[in-house]
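[1] need coordinates for the below:
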Amino acid sequence: MANVRVRGIIATAVSKILFDQGYTIVQASKPIQERLGIDFDTSPAEVTVKDADNDEILVIGSPKPARQVYELLVETLEDVFTWRSRLGLWSIVSGVVTENNDRVCRVKLPLGLEGELFNCRKRPGETIIMAVARPPVKPGEKIRLTTNIRIIGKYVALIHGTPKLTASEHIRDKARREYLLALAASKVFGKGVGVHLRSSSMYASEEDIRREIDELMKKLDEILHMEPPEKPTIIYPGEYLGLIGLTSTAKERLDEIRNQVVPTITGHHSLKSTHDQSLSELVDYTEYLVQKQVFTRENASRSIRDYILEKNREARIGITHIKPTGEKLHLTLGTMHEVKIDRDSTIIIVKRTMHSKGVYDGLDIEKKPGDVDYMFIKTGEWWISHNYYRGEEWLGTYINTPPELLPREIKYHDLVIDVVITNTKTQTIDEEELEQLVEQGIIPEKLARKAQKTAQKIKENPENHIYNPNTRIQ
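    Numbers count the residues shown, from 1 in each chain. Next comes the predicted model:
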């Protein structure tokens, strides 16, 4: 099995998943070593897994093992969005120029793709060898190409056309960094090649570094002197690159896995992902009390939940809607209108007042300033109910996907399929779009079927998902 390096707030849970499947966790932090009972392994990583942003995991590395790690994480976490590049990062390709507009070439690439190459002097019809500097991962992203070809090894990367020496920010020992840079410079001086020292070079011997630079120089030279293939071709695969979008329930799954090796409250990964230092310290302290058996995990999780609700009573609440493309929409702010807390779940009503004209998606009803949306949220359920009113008149209810409750924010991933309820109809919409996203590999089959099953249950009992502001929560 491959060597994997894991970083970020997901490190404990993801390391546990991979370790249980036989992967070797390398360059692990002290806490991870202690929690998994492993020694510190300085071997170079074939795959790196880390936070990409608040709601995503990045998997990058050698194509075959990185793809296997990615698929294992998707299978384990289940309720995720999946975005993968069809071309590897720093893959080397041949392409055919189709257009040159003011030195910006549009290039036909392998797999039916098209990219952009800036500062390009080639004419339409000419073939060129390039590297993929920015591969497309999410829908709509453009491929950025470069003639600065890069060959990646375990310890270093060689860069043709950019004779600079750089080092990973993770090589923090100044003396070690300067020694490695001097070693690299002695090997490539005068060859028009730059070197980037990867973090794993921190643990490599001088012999390892020298040998790898020689091997990479030979490979680079072969590519530079080859005749460009007539048809678009992948010459060198580069690195696999994939993103995993974490829904609220996927983060809860990470909580459960982390709890197998260290006390972890429900909501750990959601709250840590806010990068609020004071909140992060509160989570750490609460879990410390659970470890010392001052609180049970259940009581501690409820206490944190109640604390957040109290904070939200006093604040304007942001609504973040995450689309399958990865785009984040920030809806009209709301305020806490009503809350009911019991042992098993919490019901929250957030009131939003509209300030602009438009149309309510799915309802096909005009939106007017002054209309009110009462968002009906029940923790543990797979839906949010938007109930639209104009004065005393109920316009309709629009029901979509499971929420994530955070301080001053409610966040949810759009699983596309929705249920619309009005005086004249109860229907499911956008099922075809959901199937298209499954075919494109953005929404896993299992998650899509779960969303469809939830929509069907809502249709069978629509009245249980409608909120009337004139009637208090029962």
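[2] contact partners for the closest residue to residue 235 other than its chain neighbours?
    Distances taken as Cβ to Cβ, 6 or more residues apart in numbering put residue 92 closest to residue 235, at 4.5 Å, once the chain neighbours are dropped. Yep, even glycine has a C-beta here, placed from its N, CA and C like the rest. Shown in contact with residue 92 (Cβ atoms under 8 Å, 6 or more residues apart in numbering): 129, 130, 131, 132, 149, 223, 234, 235, 236, 238.
[3] try residue 339
    Counted by Cβ under 8 Å, 6+ apart, residue 339 has contacts 309, 313, 346, 347, 348, 349.
[4] so what's it bridging to?
    residue 348 (DSSP bridges).
[5] what residues of the helix or strand containing residue 352 count as buried?
    Per DSSP states H and E, residue 352 falls inside strand 346-353. Within strand 346-353, the residues scored as buried using 16 or more other Cβ atoms under 10 Å are 346, 347, 348, 349, 350, 351, 352.
[6] my guess is the second one contacts residue 375. True?
    No. Between residue 347 and residue 375 there is no contact, the gap being 11.1 Å when judged by Cβ atoms under 8 Å.
[7] in this protein, which helix has the most residues?
    helix 206-224 (DSSP state H).
[8] for that one, packing partners?
    strand 150-152, strand 156-160, helix 174-188, strand 193-197, strand 233-236 (3 or more Cβ pairs under 8 Å, 6 or more residues apart in numbering; DSSP states H and E).
[9] list phi and psi for residue 258.
    Torsion angles at residue 258 (phi, psi; degrees, to the nearest 10) stand at phi -60, psi -40.
[10] show me what the nearest residue to residue 107 once chain neighbours are set aside is bridged to.
    Distance criterion Cβ to Cβ, 6+ apart; nearest residue to residue 107, sequence neighbours excluded, is residue 95 at 4.0 Å. Counting by DSSP bridges, residue 95 forms beta bridges with residue 128.
[11] spit out the contact partners of residue 95.
    107, 108, 109, 110, 115, 127, 128, 130, 145, 232.
[12] 6 Å instead, please
    107, 108, 109, 232 (Cβ atoms under 6 Å, 6 or more residues apart in numbering).
[13] is it true that residue 12 lies in a strand?
    No. Read with DSSP: H, G, I helix; E, B strand; the rest coil, residue 12 is helix and lies in no strand.
[14] who are the contact partners of it?
    Applying Cβ under 6 Å, 6+ apart, we find residue 12 in contact with 35, 258.
[15] one more time with 10 Å
    With contact set as Cβ atoms under 10 Å, 6 or more residues apart in numbering, residue 12 has these partners: 6, 28-29, 31-32, 35-36, 254, 257-262, 264, 268-269.
[16] distance check, it against residue 337.
    37 Å (Cβ to Cβ, to the nearest Å).
[17] since we're on residue 366, how many residues are nearby?
    12 (other Cβ atoms under 10 Å).
[18] show me what the strand or helix carrying it is packed up against.
    Per DSSP H and E: residue 366 is located in strand 365-367. Where contact means 3 or more Cβ pairs under 10 Å, 6 or more residues apart in numbering; DSSP states H and E, strand 365-367 is packed against strand 358-360, strand 384-390, strand 393-400.
[19] domain map for the chain?
    Residue ranges for the domains of the chain, per automatic domain parsing: 3-84+242-248, 92-238, 316-465.
[20] picking up where we left off before, distance from the longest helix of the chain to the middle of the chain?
    33 Å (Cα atoms, centre = their mean, to the nearest Å).
[21] residues touching it, excluding its own?
    Taking Cβ under 10 Å, 6+ apart as the rule, helix 206-224 contacts 44, 92, 129, 131, 149-161, 179-180, 183-184, 186-188, 191, 193, 195, 197, 200-201, 204-205, 235-236.
[22] tell me what angle it forms with helix 174-188.
    For helix 206-224 against helix 174-188, the angle by axes from the mean of the first three to the mean of the last three Cα atoms, to 10 degrees is 40 degrees.
[23] when you give positions from now on, start the count at 276
    Sure, I'll start counting at 276 from here, so that last one is helix 481-499.
[24] extract the C-alpha trace of helix 481-499 and format it as PDB.
    Listed next in PDB are the C-alpha coordinates belonging to helix 481-499 (Å, rounded to 0.1, in the frame of the first residue of the first chain):
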ATOM      1  CA  GLU A 481      22.500  13.700  -0.100                       C
ATOM      2  CA  GLU A 482      22.800  10.600  -2.300                       C
ATOM      3  CA  ASP A 483      19.000  10.400  -2.600                       C
ATOM      4  CA  ILE A 484      18.800  14.000  -3.800                       C
ATOM      5  CA  ARG A 485      21.700  13.700  -6.300                       C
ATOM      6  CA  ARG A 486      20.400  10.400  -7.700                       C
ATOM      7  CA  GLU A 487      16.900  11.700  -8.200                       C
ATOM      8  CA  ILE A 488      18.000  15.000  -9.900                       C
ATOM      9  CA  ASP A 489      20.100  12.900 -12.300                       C
ATOM     10  CA  GLU A 490      17.100  10.600 -13.100                       C
ATOM     11  CA  LEU A 491      14.700  13.500 -13.600                       C
ATOM     12  CA  MET A 492      17.200  15.400 -15.800                       C
ATOM     13  CA  LYS A 493      17.400  12.400 -18.000                       C
ATOM     14  CA  LYS A 494      13.600  12.100 -18.300                       C
ATOM     15  CA  LEU A 495      13.300  15.800 -18.900                       C
ATOM     16  CA  ASP A 496      15.900  15.800 -21.600                       C
ATOM     17  CA  GLU A 497      14.100  12.900 -23.400                       C
ATOM     18  CA  ILE A 498      10.800  14.900 -23.500                       C
ATOM     19  CA  LEU A 499      12.500  18.200 -24.600                       C
END
